[in-house]
Structure formats: C-alpha cells, structure tokens
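Participant: Structure of the sequence below:
(one chain, ligands or ions: 1)
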Amino acid sequence: MRTQEQYLEGLKKMRPNIYLDGECIGRDDPRVVRASSAIRMTFSLVDNPEYEDLLTATSHISGKKINRFTHIHQSVDDLLKKQEMTRKICGACGGCVQRCMGIDMMNAISGVSYDVDQKYGTSYYQNFLKFLEYFQENDLVCAGSQTDTKGDRAARPSQQWDPDQYLHVVERRPDGVVVRGCKVHNTMAPYADELLIVPTRVMGPDEKDYAIAFAIPADTEGIYLIAREAFSTARKPEMDAPITSAGDLESMTVFDDVFIPNERIFLNGEVDMAGKMALRFALYHRHSYTGCKPGIGDVIMGTAALIADYQNIKKQGHVKEKLAEMISVAELVYAAGIASAVKSTKAASGTQVPNVIYANVGRRHAGHNIYHEFNMLCDITGGLPATIPGTAEYLNPEISKYVQKYVTRREGISPEDCYRAFMLASDLLTGEYSTVVFQVAGVHGGGSPIMEDIAILGSYDLNAKVNIAKHLAGIEVKDEEKK
Ligand SMILES: Cc1cc2nc3c(=O)[nH]c(=O)nc-3n(C[C@H](O)[C@H](O)[C@H](O)COP(=O)(O)OP(=O)(O)OC[C@H]3O[C@@H](n4cnc5c(N)ncnc54)[C@H](O)[C@@H]3O)c2cc1C
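Facilitator: The predicted structure follows:
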C-alpha cells in the first residue's frame, strides 16, 4: 500500500495536462494538492486503528493486504464495509470521498467484461485482471469517466450532428484503437493516476464505435483535463479548521485522438453489452451514494444541532422536528444501502453485485432530500452564515472585539467557538464546494433522478403488486399473469 507522500510523488512525475485559471499546470500545483486532501486521507488512515478494518481488504487475486479502494467486492461484508468506509471518510473530510469513482468502475468492469468474454469469446476479462494486478500492486487512484457531453439530448449517439458528442473510436489498428470525444463532470481526474472509461448509455446496433471501455494513464498524449476548482472559503491561517481543506477539481476531459492499446481495452464494439456496463457502474455508484449521502447528512445535521445548541433553541419544537427529519433521511438512505448489500448477488465473475432496487431507492431518497436538508440547516442557523465577517476582520485588532461580541450567542460558549461554528455553516450554506458537491452532485451524481426511476421500474416486480390488488378486489388472476 502507498503512503500519501508516495501518491503525491507519483502525481508530480506526470505530464502537465491540467488547464486551470488560464494556465497549464502540473500535479504539484498547490490547488491540485489541496483538492486531493480527501484522497490523501484514504492513504493516511489505513494504519489508524479506527479505520484499518474498513480501509483495508485482502485481494482475491494476490492474497495480499490492499487498500479497499482497489478491492473487487467478494462478499456481502465487502459491500457493507465499502459503504461504512465511505460514510466515515465523508464525515471526516467534510465532503466527497472522491476515490469511490475508481472502485465502483473497477467492480463494474470486472463483472461485465467477464460476461462479454463468455458471450463473444473475447479476452477482456484477462485484460482486466492484468490491469487489476497493476492497480492493486501500485495502490492506484482512478477517476471514473462515464458521462459524455451528449449534445442534442433528443438524438442518439449515432444521430448527433457532431459525432464527437459521445466518445467513440475513430481508428482501428492491429495493436489498439484511437478514440475521440469528451467525458464531462469528471471528479478528481486531475489528481488520478489513471482514467477508467465506460459508455454512458445503452447502444444500438449501429453504435459499435461508441461501445468502448478502457483504462489509460491520465497524462497520456492527447488528453486535456480542463478543470474547475471548488474549495471551502479561504481563511487566515490562525483560524484554520479541518473544513478549510475540503474541495475538489472537476474536469472536462477531452480525448483528442488518443491511442488505447489492446491490453487496456475492456469492451470494444459489443453493442449489446455497453448498456450493461453503463448500468452496472451506475449501480455500484448509487450504492456508494448510500454511504456518502448519509456522511454528508452527518455533517449537515451535526452543524444544525451544534448551532441550535449555541443559539439556545435546541429544545424548540420546530428545531427538534427538523433534527428528527435530518436523522430519518440519512439513516433511511444508509439502511437502503445495507439492504442492498445484504440482498446482493454474485456475478458469474465472482464479483458481489448490490441489489438494484435497494441501491436505487436509497439514492433516489437522498437526491430528493438534498436541498431540503440544506433548507432545514438554513432555517436553524438564521442569516449569519451569509453575512458573517471574514477571518481578517475577526483577527483585526481594531474591530475584533466587535466581531467577537456580536457573533456570540448563549452564555458559556466562547466567542471563538460561536464564530467557528457559524463559519462552518457558512461554508456549507454559501461555499462553492458545498454547492458543487453536496447540492448539484447530490441531485445528478450517479445519474439524473429519472435514471433511478427507470432502474427501479425496470427491475421491480410491480405485476406482483397488481395481482395482490386483483386478489383483494376479487378479480381473477389468470395463470399467465402469475410469475
Ligand atoms: C459535481 C458532479 C460530479 C460528477 N462526477 C462525475 C464523475 O466523476 N464521472 C462521471 O462520469 N460523471 C460524473 N457526474 C455526472 C453525472 O452522472 C451527470 O451529471 C448526470 O448523469 C446527468 O448528466 P448531465 O449532467 O449531462 O445532465 P443532462 O443529461 O443534461 O440532464 C438534464 C436534464 O435533462 C433530462 N434528460 C437528458 N436527456 C434526456 C432524454 N434523452 N430524455 C429525457 N430527458 C432527458 C435529464 O433527466 C435531466 O432532467 C458528476 C456530476 C456532478 C454534478
């Protein structure tokens, strides 16, 4: 297993291909290093007794102890631990764990590449196993690049007026393929060692060139990581707090005729399996959401309860009701993830696959409630998070006494603790990172809300419920209507 220092050393050696704030930067740029803080925790916490059991696993291919973020789930327990680890780290870093993208995509590819080989006699699973060995041995960080730009939403990939709106193969060579296109909203791609690419959607018979999955180093020639930063509000060092390091870089990841060698390809033209790969990744990622959304919920409800105490309103009926509501949202989502793990099944490859219904209803419930959770926090904190003077004013000897005096709430709580609590609320309610990752990703990450409805309705046995209704109504259930 690597240390966080070794991870950063690895990034430093990569070719600069990140575009941010008008310049092309390397991975030793302070903004990239800062954005990687959550990922670094996944390395630094492996020896911490509180996290070790969650953050490490035994590789099913080498028998070695590995970081769980490189593990292929083999059991119900693995899925439960992945979910718990995700929740705990989100709480500890005050944001998105970010490294889930790689583990979710690796698990999806493991099961589906095996199925493709069984059907078509290809050797994608062998390619995958070779890559997995390298991935685990080097404790790599992978970004997951699934979402295409998609251009005209009403047109299929092959019907787009610009064929590059979905990433596709533009040239086939004996030793590999050349791809062109762009994957968007790629969380942490600027500080990932490798990019994992899978299709975004089901592909039709004439969309062979779009049915492509592969792994490629993130600094490969022809790849451009066009980044956007989102961080917690800057503070004076004297008033630093763990939340200050929360942030990320998102990337518009351009592939301008990038060569992918055969041994890095996991799907190439088997159109009927493209949708399966897309949905399998979404399933793993929605299961991860049943860990991270309760983790974010912990941060929101903890802040709400802390401020309610400092304001001396914690015994008020409407506050108690809101706290109970926040707990219910977080724990129902978490419970759905547990159910999804307990009711999981084994793919033919041996990879453990979460239950579709429970993972999707959990993710759906989280997405529907994310703005509601922030609404409740905002109600409890009052307006101060939006207007609180910055840390320079808090520290300015001329006016500090006023800031301290007028941010103070009930007796017995120091001005500094009051100020710190409201600054945390300010980061959550007005910070750019919370709007990117907590709110917009809370709705769209892992697929827009309608995609969960489609997954639920596509897998749920609604007919069995219709038969219950018919039985109760005294309507005959014909044999062909029974399952
Ligand atoms: C902060 C953040 C981080 C993310 N991280 C990653 C990542 O690391 N890797 C990754 O691959 N993806 C990532 N995503 C992408 C995420 O999965 C997508 O945002 C999501 O799938 C929606 O796609 P879109 O943003 O293109 O929205 P759109 O597809 O444009 O959706 C907008 C609306 O249009 C509707 N719509 C779109 N197409 C149709 C259609 N054909 N018929 C009917 N309605 C339609 C949608 O239902 C939705 O209501 C991230 C997203 C966010 C916000």
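Participant: where does the stretch 101-250 of the chain come near the ligand, residue by residue?
Facilitator: M101, G144, S145, Q146, T147, K150, R153, K183, H185, N186, T187, E250 (C-beta under 6 Å from any ligand atom). Where C-beta positions appear, they are placed from N, C-alpha and C, glycine not excepted.
Participant: let's see 8 Å
Facilitator: Neighbours of the ligand within the stretch 101-250 of the chain, by C-beta under 8 Å from any ligand atom: 101, 143-150, 153-154, 183-189, 200, 250.
Participant: Surely A189 is in contact with L225?
Facilitator: Yes: between A189 and L225 a contact is recorded at 5.5 Å, counting by C-beta atoms under 8 Å.
Participant: Common neighbours of the two, please.
Facilitator: A218, S251, T253 (C-beta atoms under 8 Å, 6 or more residues apart in numbering).
Participant: Filter those down to the ones in strands?
Facilitator: S251, T253 (DSSP state E).
Participant: Off-centre distance for the strand or helix carrying I450?
Facilitator: Per DSSP states H and E, I450 falls inside helix 449-459. Centroid separation for helix 449-459 versus its chain: 19 Å, with C-alpha atoms, centre = their mean, to the nearest Å.
Participant: Following the chain onward from that helix, which element is next?
Facilitator: helix 462-473.
Participant: Can you pull out the residues in contact with that next one?
Facilitator: Contacts with helix 462-473, where a contact means C-beta under 8 Å, 6+ apart, come from I475, E476, V477, E481, K482, K483.
Participant: ok, so of these, who is nearest V333?
Facilitator: Set against V333, the nearest of the contacts of helix 462-473 by C-beta to C-beta is K483 (29.3 Å).
Participant: so who does that closest one touch?
Facilitator: Per C-beta under 8 Å, 6+ apart, neighbours of K483: D461, N463, A464.
Participant: Kindly reformat those as CSV containing neighbour count, pLDDT and distance to V436.
Facilitator: Output for these, formatted as CSV (neighbours: other C-beta atoms under 10 Å; pLDDT from 0 to 100; distance: C-beta to C-beta, whole Å):
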residue, neighbour count, pLDDT, distance to V436
D461, 10, 93, 38
N463, 12, 93, 41
A464, 11, 93, 41
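Participant: Keep only those that also lie close to the ligand.
Facilitator: Applying C-beta under 8 Å from any ligand atom to the contacts of K483, none is adjacent to the ligand.
Participant: Based on its surroundings, how many neighbours for the closest residue to H365 other than its chain neighbours?
Facilitator: Leaving aside its sequence neighbours, H365 sits nearest to V333 (C-beta to C-beta, 6 or more residues apart in numbering; 5.5 Å). Number of residues near V333 (other C-beta atoms under 10 Å) recorded here: 26.
Participant: that's a helix at V333, yeah?
Facilitator: Yes: counting by DSSP: H, G, I helix; E, B strand; the rest coil, V333 is found in a helix.
Participant: My guess is it contacts C292. True?
Facilitator: No: contact criterion C-beta under 8 Å: V333 and C292 do not qualify, at 9.6 Å.
Participant: So, low pLDDT: which residues of this structure?
Facilitator: For the chain, no stretch has pLDDT under 70.
Participant: which stretches of it form strands?
Facilitator: Using DSSP E, strands in the chain cover 18-20, 23-25, 56-58, 65-67, 142-145, 168-173, 176-187, 194-197, 212-217, 223-231, 247-261, 265-268, 345-346, 352-353.
Participant: and the helix of greatest length in the chain, how far from the chain's centre?
Facilitator: Longest helix of the chain, by residue count under DSSP state H: helix 271-311. Relative to its parent chain, helix 271-311 has a centroid offset of 8 Å by C-alpha atoms, centre = their mean.
Participant: Can we start the residue count at 40 from this point?
Facilitator: Sounds good: first residue 40 from here, last item helix 310-350.
Participant: Which other helices and strands does that helix contact?
Facilitator: Helix 310-350 sits against helix 115-132, helix 139-159, strand 304-307, helix 356-381, helix 395-420, helix 454-469, helix 488-498, with contacts defined as 3 or more C-beta pairs under 8 Å, 6 or more residues apart in numbering; DSSP states H and E.
Participant: Let me see the contact set for G65.
Facilitator: Going by C-beta under 8 Å, 6+ apart, the list of residues near G65 reads K51, M53, P55, I57, V71.
Participant: hang on, I meant Y230
Facilitator: Per C-beta under 8 Å, 6+ apart, neighbours of Y230: L50, R66, V71, V72, A74, S75, I78, V180, L288.
Participant: Neighbour count and distance to the ligand added to the contacts of G65, as TSV?
Facilitator: Shown next, in TSV, are the contacts of G65 (neighbours: other C-beta atoms under 10 Å; distance: C-beta to the nearest ligand atom, whole Å):
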residue	neighbour count	distance to the ligand
K51	12	23
M53	19	19
P55	15	21
I57	25	15
V71	24	16
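Participant: And the furthest pair within those residues?
Facilitator: The farthest-apart pair in the contacts of G65, when distances are taken by C-beta to C-beta, is K51 and I57, at 12.6 Å.
Participant: which residues are common contacts for those two?
Facilitator: Counting by C-beta under 8 Å, 6+ apart, the residues touching both K51 and I57 are G65, R66.
Participant: Looking at the stretch 240-389 of the chain, which residue is nearest the ligand?
Facilitator: Using C-beta to the nearest ligand atom, the closest approach of the stretch 240-389 of the chain to the ligand is made by E289 at 6.0 Å.
Participant: Not counting its neighbours along the chain, what's nearest that residue?
Facilitator: R267 (5.0 Å).
Participant: Quick check, the one you found in contact with G286.
Facilitator: No: here R267 does not reach G286: they are 11.2 Å apart, not a contact under C-beta under 8 Å.
Participant: higher neighbour count, those two?
Facilitator: Set side by side, R267 and G286 show more neighbours around G286, with 25 against 15, by other C-beta under 10 Å.
Participant: and the more buried one, how far is that from P238?
Facilitator: Going from G286 to P238 by C-beta to C-beta, to the nearest Å gives 30 Å.
Participant: Counting only helices, which of the contacts of Y230 make the cut?
Facilitator: Going by DSSP H, the helices hold L50, V71, V72, A74, I78 from these.
Participant: Weed out the non-buried ones from those residues.
Facilitator: Among those, those scoring as buried are L50, V71, A74, I78 (criterion: 16 or more other C-beta atoms under 10 Å).
Participant: Can you name the residues that contact the second one?
Facilitator: This means V71. Contacts of V71 by C-beta under 8 Å, 6+ apart are L50, I57, I64, G65, P229, Y230, L288.
Participant: Check the third one too.
Facilitator: With contacts defined as C-beta under 8 Å, 6+ apart, the neighbours of A74 are M227, P229, Y230, E268, F270, G286, D287, L288.
Participant: Narrow those to those that are buried.
Facilitator: Neighbour-count burial (16+ other C-beta under 10 Å) is assigned, among the contacts of A74, to M227, P229, Y230, E268, F270, G286, D287, L288.
Participant: In the sheet, which residues pair with the fourth one? Tell me.
Facilitator: With beta bridges defined as DSSP bridges, E268 has these partners: L288.
Participant: thought it was touching S290?
Facilitator: No: look at E268 against S290 with C-beta under 8 Å: they stay out of range, at 10.5 Å.
Participant: I'd like the contacts of K522 written out as CSV, with distance to V479 added.
Facilitator: Rendered in CSV, the data for those read as follows (distance: C-beta to C-beta, whole Å):
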residue, distance to V479
D500, 33
N502, 36
A503, 36
